[in-house]
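Q: Provide a 3D model corresponding to the input given below.
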Amino acid sequence: MRVNEIGYKWAYNPGDRKTTTHLILHHAAANAGAETIHSWHLNNGWAGIAYHYYVRKDGEIYRGRPESWCGGHTTNWNYCSIGICFEGNFESDEMSSVQRNAGSELVADIMERYPGIVVGKHSAYNATACPGRKFPFDEMLRGKTEEPVESNAEENHMPSAWAEEACGLAVSSGVFQGDGSGNYSWPEPITREMLAVILARLKLIS
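A: Next up, the predicted model:
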């Protein structure tokens, strides 16, 4: 797991946390990067970005406040909690698998480093809808989503639900070009020849 570091300029040091008992999950209710969130929170008169981690829609994880610092994300609970925020508004949006998997990996890492930590939604501690009614909380705690065994590709030659997004990207980018009639043979195994062509199209070999 990689955490991207940002050289924030802090308004002040909020102090170190003396205990860590909770991990609290949030959404940004907006589409913005960590540096933009930092700017907004500075304008609120805060130290800077209120969260310890920020997970973007593309699955990239960014450092917020140093993990040892008190957060500014959950009233009355910042003295004992780590805060993770997810880009997006999950009152209305569905979280992508790549963002969910990145979040699951981060949550699992923190739970391993802080045995017994309680994981909860922001709404469990403050009067708020955050992180949204569509936030995949249970899936986040179960860990990285595994590809299901079942497939509908054999029946209708369409990609299975778990692979649909990735297959669409492969087609639109020209990595997969099919047989010219719209048939991409999704259930067929890939040969070394096919793999070589795909790697060449991705410009991973030359």
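
Q: C-alpha only now, for contacts and for neighbours.
A: Will do.

Q: and residue 108, that's in a helix?
A: Yes. Assessed with DSSP: H, G, I helix; E, B strand; the rest coil, residue 108 lies in a helix.

Q: separation between it and residue 54?
A: According to CA to CA, to the nearest Å, residue 108 stands 15 Å off from residue 54.

Q: Looking at these two, which has the bigger crowd around it?
A: residue 54 (29 against 17; other CA atoms under 10 Å).

Q: Phi first, then psi, for the more buried one.
A: The phi/psi pair for residue 54 (degrees, to the nearest 10) reads phi -140, psi 120.

Q: now residue 27
A: phi -120, psi 160.

Q: what's it in contact with, if anything?
A: Applying CA atoms under 8 Å, 6 or more residues apart in numbering, we find residue 27 in contact with 85-90, 130-132.

Q: One more pass at 7 Å, please.
A: By CA atoms under 7 Å, 6 or more residues apart in numbering, the residues touching residue 27 are 85-90, 130-131.

Q: can you check residue 53 too?
A: Per CA under 7 Å, 6+ apart, neighbours of residue 53: 61-64, 83-85.

Q: Drop anything exposed from these.
A: 61-64, 83-85 (16 or more other CA atoms under 10 Å).

Q: Tell me the one of those nearest residue 172?
A: For residue 172, the nearest member of those is residue 61. The distance, counting by CA to CA, is 26.2 Å.

Q: C-alpha coordinates for stretch 190-203, CSV please?
A: Presented in CSV, the C-alpha positions along stretch 190-203 are these (Å, rounded to 0.1, in the frame of the first residue of the first chain):
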residue,chain,number,x,y,z
ILE,A,190,-5.6,-15.5,-23.2
THR,A,191,-2.6,-16.9,-25.1
ARG,A,192,1.0,-15.7,-24.9
GLU,A,193,0.6,-14.2,-28.4
MET,A,194,-2.4,-12.2,-27.2
LEU,A,195,-0.6,-11.1,-24.1
ALA,A,196,2.3,-9.8,-26.2
VAL,A,197,0.0,-7.8,-28.3
ILE,A,198,-1.7,-6.3,-25.3
LEU,A,199,1.6,-5.4,-23.7
ALA,A,200,2.7,-3.7,-27.0
ARG,A,201,-0.6,-1.7,-27.2
LEU,A,202,0.0,-0.6,-23.6
LYS,A,203,3.5,0.4,-24.7
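
Q: quick one: contacts of that stretch?
A: 175, 205-206.

Q: at 6 Å what do you get?
A: residue 175 (CA atoms under 6 Å, 6 or more residues apart in numbering).

Q: Please compute how far that stretch lies from its chain's middle.
A: Relative to its parent chain, stretch 190-203 has a centroid offset of 29 Å by CA atoms, centre = their mean, to the nearest Å.

Q: How about stretch 124-140?
A: With CA atoms, centre = their mean, you get 14 Å for stretch 124-140.

Q: Just the buried residues of stretch 36-55, please?
A: Under the neighbour-count criterion of 16+ other CA under 10 Å, stretch 36-55 has 37-39, 41-42, 46-55 buried.
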